[in-house]
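K.L.:
got a predicted structure here, sequence first:
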Amino acid sequence: MKMFTCIKYVPDTSEAEVKLNAEGTGVDSSRFSYDINDADNYAVEESVLLKEKYEGDVTVVSIGPKSSDVMIRMAMAKGCDRAIRIEDERIADHDPLMVARVLAGAIKDQEFDLVFTGCMAEDYGQAVTGVALAEILGVPHAAYVKKVEVEDGKVKAHRELEGGLREVVEISLPAVLTIQTGINEPRYAPIRGIRQAQKKELKVMNLDDLGVPVEEVGADASLVVLEKLYIPVVESKAEIIEGDPDEKAEKLASILVKGGLV
Amino acid sequence: MRGMKMTTENQTFAEKFDLLGCIQCGRCTGGCPVTVRTNLNVRRFVYDAYDEDLLDELSRVAEIWDCTACHTCAVRCPKGLKPLEVLIGLRSLIVESGKTEPTVRDALESTFMEGNPWEKPRATRNDWMEGLDVRIAEPDEKVENLFFVCCTIAYDPRVQATAQNMVRLLQKAGVDYAFLGTDETCCGSEIFTLGEDGLFEMLIEDNTEMLNEYQADRIVALSPHCFTTFNTHYPDLNKPVIHYTQLLAELLEQEKLAFKGELAKKIVYHDPCYLGKQSEVFEEPRRVLQAIEGVELVEFNRNRERSLCCEGGGGKMWVESESKIERLAETRIKDARALGADIVAAACPFCVITLDDAVKAEGFEEEMRVAEIMEILEELEVVQGQSSSAQEVED
């Protein structure tokens, strides 16, 4: 089975205060640590588990800086076979559609059975890239997948829905699956394994190498314009409504009417 | 060749841990403190691990993760073996397979990526310094005492006071000191005991190179884990490493440091395994506490090399035992209460955290508290000793 797994190097914003950069167009990332996007880590594990079960190979695809090579080497230490890292400043990477076009550029001319992505990236949290990638590649997809069963050229994908419901869909291969966290338990990449993974191929490419025109993935092509980022002002205001149920209802209705909410 | 698959550098598991040296006398299991609450039987592992075909099965026995690396077995072994390292060797097989507990995996990945096992950014390592005017070491500047803080003290709010109070004390006592910048990286103590040999080797190599660049007379470690790890596993360090209680005892002896004020408390000192039985630093912490006027220093029945482990070492901060039997830290705290102690003093971040939890678990917060020695000293006025003042006048 031939697989591609798309991963992203993202900042961990849980342990350092998020501050805007001087231009107000991004966040000051100097105090963040960076790591593989959580859901992508599960996608890597799922692809390696399938490789171990059915044989085949896994190619990692990532758009990111040289500093993300460590994440890619870790994925290869876990069992992925080779990697493509795309680095090109011209990509409008805040727009998931542009990102999907670039990823598709790396995958479309190659044979594949399954493409994995995480269901959502922790930085922008848009949960769009994987689905858009399937559309561009012209293959079916299943999003928020919590269980994968491959049989006879088809994949049974168990999807996590709102309210804890689970939906099982059967789709034909090739397909794109966006993986939800918790589908498996990602393994540890021991340092000796990471060192050995230095021998595996890591190809660094730009848009020209991929043959993806900048007009299709650059700022001019993007329909998303990032105008401004701001930290929401923390406000706390609470009014406790007293009285018997009738009085409470009347007071509440009057507040809603006065506030123009009904 | 038999056994080659489980070993490195053409050494079998039995050769690496000198398993044939074992005479099965049982002193290791007889002294192992965790046997009261788990089924760990280190002697059995030393015996069985000789059979290379059993290694895979042995590595999957849950008890190998109950060992706290207190080193009681090593101290008691009449043949000079380190039975605990057989357990660490078995842990290594799991780590190399990638199938570790998620908590262990995250601690190891964090150490590789950010230089600490607590999943904190490297950039925030020195946030504990906020509000303090700390001298940061530069490689080309001479300094007498170069401090190595430790990941746990740097990031855990419960024990950050150890470093913060140390800075205040050094400044008041006029000691020549400097701290490392955010380059300070995990010593690897817990990485070693969690069985990640490759990462531990990398840390030894990188830290040796980094620390050797500094023009310091010596390194002062705040944690006994870093202290012992540097002295045991870093053969190429170009300067001696001492524990901070040794520095304080030295300053007191040379009359360069004195404490003003009184603390009328009954204090029992808990010997951390890494400071006491592993590095034989028993008296210096006691001398520091005895230098405080009003302190009545009492002793646990199990003190010095017989000190009861708090279960904070051996990577146990990231591996929970399944045992529901009373934790050793709780036993320790009950012993302290029976002695009527107001304060349980410790000189190790892991001991402070585990003993503190035990005080809360037992509901003894009203009667007693756990304190790092540096926290106790903060309650007193630290002054320069007579010797320092005399020198200043001469200058």
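P.N.:
Great, that's in hand.
K.L.:
contacts, neighbours, all on C-alpha from now
P.N.:
Will do.
K.L.:
what's in contact with the helix ranked longest in chain A?
P.N.:
When chain A is parsed with DSSP state H, its longest helix is helix A:38-54. By C-alpha atoms under 8 Å, 6 or more residues apart in numbering or on different chains, the residues outside helix A:38-54 that reach it are A:1, A:3, A:5-8, A:57-58, A:75, A:78-80, A:116-122, A:178-187.
K.L.:
C-terminal to it, what's the next element?
P.N.:
As assigned by DSSP states H and E, the chain's next helix or strand after helix A:38-54 is strand A:57-63.
K.L.:
tell me which strands that next one pairs with, and in which orientation.
P.N.:
Sheet pairing of strand A:57-63 (DSSP bridges) gives strand A:2-7 (parallel), strand A:82-86 (parallel).
K.L.:
go through stretch A:123-130 and flag the buried ones.
P.N.:
Buried residues in stretch A:123-130, defined by neighbour count with 16 or more other C-alpha atoms under 10 Å in any protein chain shown: A:127-130.
K.L.:
and residue 253, how many residues sit next to it?
P.N.:
With no chain named, the answer covers chain A. Using other C-alpha atoms under 10 Å in any protein chain shown, the number of residues around residue A:253 comes to 14.
K.L.:
if you could check chain B rather than the one you did, that'd help
P.N.:
Per other C-alpha under 10 Å, the neighbour tally for residue B:253 reads 15.
K.L.:
and if you look at residue A:69?
P.N.:
Residue A:69 has 17 nearby residues by other C-alpha under 10 Å.
K.L.:
close to chain B, is the helix or strand hosting it?
P.N.:
Assessed by DSSP H and E, residue A:69 sits inside helix A:69-77. No: figure legend: helix A:69-77 not in contact with chain B (C-alpha under 8 Å from any C-alpha of the partner chain); closest approach 8.5 Å.
K.L.:
now what about that helix, what contacts it?
P.N.:
So helix A:69-77 is in contact with A:9, A:35-36, A:44, A:60, A:82-83, A:189-190, A:193-198, A:200, going by C-alpha under 8 Å, 6+ apart.
K.L.:
most surrounded residue in those?
P.N.:
The most crowded member of the contacts of helix A:69-77 is residue A:44, carrying 28 neighbours; neighbours defined as other C-alpha under 10 Å.
K.L.:
for residue 112, give me its contacts.
P.N.:
You didn't pick a chain, so chain A it is. Shown in contact with residue A:112 (C-alpha under 8 Å, 6+ apart): A:1-4, A:174.
K.L.:
not quite, go with chain B.
P.N.:
By C-alpha under 8 Å, 6+ apart, the contact list for residue B:112 reads residue B:199.
K.L.:
rerun that using 10 Å as the cut-off
P.N.:
Counting by C-alpha atoms under 10 Å, 6 or more residues apart in numbering or on different chains, residue B:112 makes contact with A:70, A:190-191, B:106, B:185-186, B:199-200, B:202-203.
K.L.:
pull out the buried members of the residues you listed.
P.N.:
Among the contacts of residue B:112, those that count as buried by neighbour count (16+ other C-alpha under 10 Å) are A:70, A:190-191, B:106, B:185-186, B:199-200, B:203.
K.L.:
from the residues you listed, which is closest to residue B:68?
P.N.:
Among the buried ones among the contacts of residue B:112, residue B:200 lies closest to residue B:68 (C-alpha to C-alpha), at 17.6 Å.
K.L.:
can you read off the pLDDT for the closest one?
P.N.:
Note for residue B:200: predicted pLDDT of 98.
K.L.:
so the host helix or strand of it, near chain A or not?
P.N.:
Secondary structure assigned from DSSP H and E places residue B:200 in helix B:197-212. Yes: under the criterion of C-alpha under 10 Å from any C-alpha of the partner chain, helix B:197-212 makes contact with chain A via B:197-202.
K.L.:
distance from the chain centre to that helix, please.
P.N.:
Its chain's average C-alpha position is 18 Å from that of helix B:197-212, according to C-alpha atoms, centre = their mean, to the nearest Å.
K.L.:
which residues touch whichever residue of the stretch 101-250 of chain A sits closest to chain B?
P.N.:
Closest residue of the stretch 101-250 of chain A to chain B, C-alpha to the nearest C-alpha: residue A:188 (4.3 Å). The contact partners of residue A:188, taken as C-alpha under 10 Å, 6+ apart, are A:74-75, A:77-78, B:94-102, B:104-106, B:108-109.
K.L.:
what lines up beside the longest strand seen in chain A in the sheet?
P.N.:
The single longest strand within chain A, with elements called by DSSP state E, is strand A:141-151. Strand partners for strand A:141-151, identified by DSSP bridges, are recorded as strand A:154-160 (antiparallel), strand A:175-179 (parallel).
K.L.:
how much space between the closest residue to residue B:117 other than its chain neighbours and residue B:381?
P.N.:
Excluding the flanking residues, the one nearest residue B:117 by C-alpha to C-alpha, 6 or more residues apart in numbering or on different chains is residue B:107, at 4.3 Å. The gap separating residue B:107 from residue B:381 is 38 Å, by C-alpha to C-alpha, to the nearest Å.
K.L.:
show me which of these two is the more surrounded one.
P.N.:
Neighbour count, other C-alpha under 10 Å: between residue B:107 and residue B:381, residue B:107 has more, with 21 against 13.
K.L.:
before we move on, what SS does the more buried one have?
P.N.:
Under the three-state scheme (DSSP: H, G, I helix; E, B strand; the rest coil), residue B:107 adopts helix.
K.L.:
list the contacts of it.
P.N.:
Applying C-alpha under 10 Å, 6+ apart, the residues near residue B:107 are B:115-119, B:190-191, B:194, B:315, B:317-318.
K.L.:
ok, the residue in chain B that chain A sits nearest to - how many residues close by?
P.N.:
At 4.3 Å from chain A, residue B:98 is the closest residue in chain B, using C-alpha to the nearest C-alpha. Per other C-alpha under 10 Å, the neighbour tally for residue B:98 reads 18.
K.L.:
next one: residue A:76
P.N.:
Around residue A:76 there are 28 other residues, counting by other C-alpha under 10 Å.
K.L.:
one step back: need the buried ones among the contacts of residue B:112 in TSV (columns: distance to residue B:209).
P.N.:
What follows is those, written out as TSV (distance: C-alpha to C-alpha, whole Å):
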residue	distance to residue B:209
A:70	21
A:190	22
A:191	19
B:106	26
B:185	12
B:186	14
B:199	15
B:200	14
B:203	10
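K.L.:
who in chain B is up against chain A?
P.N.:
When proximity is defined as C-alpha under 10 Å from any C-alpha, chain B approaches chain A at B:92, B:94-102, B:104-106, B:108-110, B:112-114, B:119-125, B:196-202.
K.L.:
distance of residue B:320 from residue B:326?
P.N.:
Applying C-alpha to C-alpha to residue B:320 and residue B:326 gives a distance of 13 Å.
K.L.:
whoops, I mixed them up, residue A:98
P.N.:
Computed as C-alpha to C-alpha, the residue A:98 to residue B:326 distance reads 57 Å.
K.L.:
and those two? Which one has more around it.
P.N.:
residue A:98 (25 against 11).
K.L.:
residue B:319 reaches residue B:101, doesn't it?
P.N.:
Yes: if you go by C-alpha atoms under 10 Å, residue B:319 and residue B:101 touch, sitting 7.8 Å apart.
K.L.:
apart from its neighbours in sequence, what residue is nearest residue B:330?
P.N.:
residue B:358 (4.8 Å).
K.L.:
cool, thanks, signing off.
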